[in-house]
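**Student:** Let me see the structure of the following:
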Amino acid sequence: MDKEPAPTHPALAGFAVGGDDLLIGGVPLPRLAEQVGATPFYAYDRARLDERVTHLRRTLPDTLNLNYAVKANPMPAVVQHLAGLVDGFDVASAREMQTALDTPMPAARVSFAGPGKTPAELARACAAGIVIALESEGEMRTLAAIAARQGRRPRVVIRVNPNFDLKASGMRMGGGAQQFGVDSERVPRMLGALGALDLEFMGFHIFAGSQNLDAEILCEAQRNTVELALSLAAHAPAPVRHLNMGGGFGIPYFPKDKPLDLPRLGANLEELMHRLGAELPDARTMIELGRYIVGEAGVYVARVIDRKESRGQVFLVTDGGLHHHLAASGNFGQVIRRNYPVAIGTRMSQAPSETASVVGCLCTPLDLLADKAALPPAQVGDLVVIFQSGAYGPSASPSGFLSHPAPAEVLV
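**Tutor:** Purely as a prediction, here's the structure:
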């Protein structure tokens, strides 16, 4: 009979166990490994994706649109699945744009943001008819020249670098000097210039930071975002029809992390949507979430190929490593290295009884997937599972390092 594992970390609470084996999408881990054909691999649970989107829909205002940030996990099967669940896609490259356009999502519901868009990328986005987030006045003029050559009038928003940041966030992308967006105090002048060009103004994209677990801080940022959008709308050459409020919703990676209070955010957004409905009645308002949708739905699986002891310390050497999962190694955004939640996926019924470090197959001491973790004794052939791996996995890792094969990815 299936049972839930002891919830030693929030990440494990949604996964079932059958005997000794972790179940992914109802499939025992050893059988899934056979099906994939090799380790290491990433596995994403479609039921957990469905559950997360359903939870968001039930908790957030009905009038608020839900966009998926493709950069969090651009695997085509995942993006295809989410196309039927969310209201739009946000992309950050031409390749992500093509992945989004290969789904049933209408082009009008795809937006393209990011600094340093090349003329070729802007030309493709203009031809595709997606919404383009302008990151500078120079980019605006480049796009206007491309649009004139194509005989098209692209729909644009201005990405705003707000005069506030998202405190206690994993990555700050607003406030101060930034390579992202246009400084909020410069936006009115840019709006005047935009009005003289043959570009269709749609609105604003305001994003202050990511990976935040403090609902009150996020609520404050959302209120500030709305105030900023309303003040800038007074300078706009046309009514605001598109307002991307960003996201920043975090997930718990480490033992002391507490899950985000989503109902608190929902109540705050409900108030803000009433105000926006009154003051920007033409605006389609959205939040843009990536990690919060996919992060907890994915696991990274590697096989133990050697068990060794060095001066009293146990090392489980796997066929995986930081070249596949840079974030789990602590080299992607962590200041002080902490372990992602980890388990021996083929010994889930056994209690932790030893301390072991899980390492990869690379010739560098940085290749550390778990440092001195409490685990059941694992042997060669066992499968190690790194949880919270659905976002910023393969696409955020140096897969070419030391020329090892790339990991497989499956949607289960």
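
**Student:** only C-alpha atoms for contact and neighbour calcs from this point on.
**Tutor:** OK.

**Student:** okay but Val79 is in contact with Met97, surely?
**Tutor:** No. Taking contacts as Cα atoms under 8 Å, Val79 lies outside contact range of Met97: 11.0 Å.

**Student:** Could I get the full set of strands for the stretch 1-150 of the chain?
**Tutor:** Counting by DSSP state E, counting those that start in this stretch, the stretch 1-150 of the chain has strands at residues 17-18, 21-24, 27-28, 41-44, 65-69, 88-91, 110-112, 131-134.

**Student:** and Lys372, which of those strands is closest to it?
**Tutor:** Nearest of those to Lys372, taken as Cα to Cα: strand 21-24 at 21.6 Å.

**Student:** Could you list the residues in contact with that closest one?
**Tutor:** 15-17, 28-30, 32, 43-45, 345-349, 412 (Cα atoms under 8 Å, 6 or more residues apart in numbering).

**Student:** out of those, which is most surrounded?
**Tutor:** For the contacts of strand 21-24, counting by other Cα atoms under 10 Å, the largest number of neighbours falls to Tyr44: 26 neighbours.

**Student:** where exactly do the helices run in the stretch 251-400 of the chain?
**Tutor:** 262-279, 291-294 (DSSP state H, counting those that start in this stretch).

**Student:** Show me the one of these that comes nearest Pro255.
**Tutor:** That would be, of these and by Cα to Cα, helix 291-294, which comes in at 17.6 Å.

**Student:** elements contacting the closest one?
**Tutor:** helix 46-59 (3 or more Cα pairs under 8 Å, 6 or more residues apart in numbering; DSSP states H and E).

**Student:** quick one: contacts of the helix it packs on?
**Tutor:** Residues contacting helix 46-59 (Cα under 8 Å, 6+ apart): 14, 25, 81-82, 85-86, 262-263, 266, 293-294, 296-297, 411-412.

**Student:** lowest confidence element among the helices and strands of this structure?
**Tutor:** strand 171-172 (a mean of 54; mean pLDDT, DSSP states H and E).

**Student:** can you list the domain ranges for the protein.
**Tutor:** Domains of the chain are assigned by automatic domain parsing as 10-45+296-411, 113-289.

**Student:** nearest to Ala406, of the strands of the stretch 1-150 of the chain?
**Tutor:** strand 41-44 (8.6 Å).

**Student:** starting at the chain centroid, how far to the closest one?
**Tutor:** Strand 41-44 sits 16 Å away from the centroid of its parent chain (Cα atoms, centre = their mean, to the nearest Å).

**Student:** Kindly export it (C-alpha atoms) in CSV.
**Tutor:** Provided in CSV are the C-alpha atoms of strand 41-44 (Å, rounded to 0.1, in the frame of the first residue of the first chain):
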residue,chain,number,x,y,z
PHE,A,41,17.8,12.3,-15.6
TYR,A,42,15.3,14.9,-14.6
ALA,A,43,11.7,13.8,-14.1
TYR,A,44,8.7,16.3,-13.9
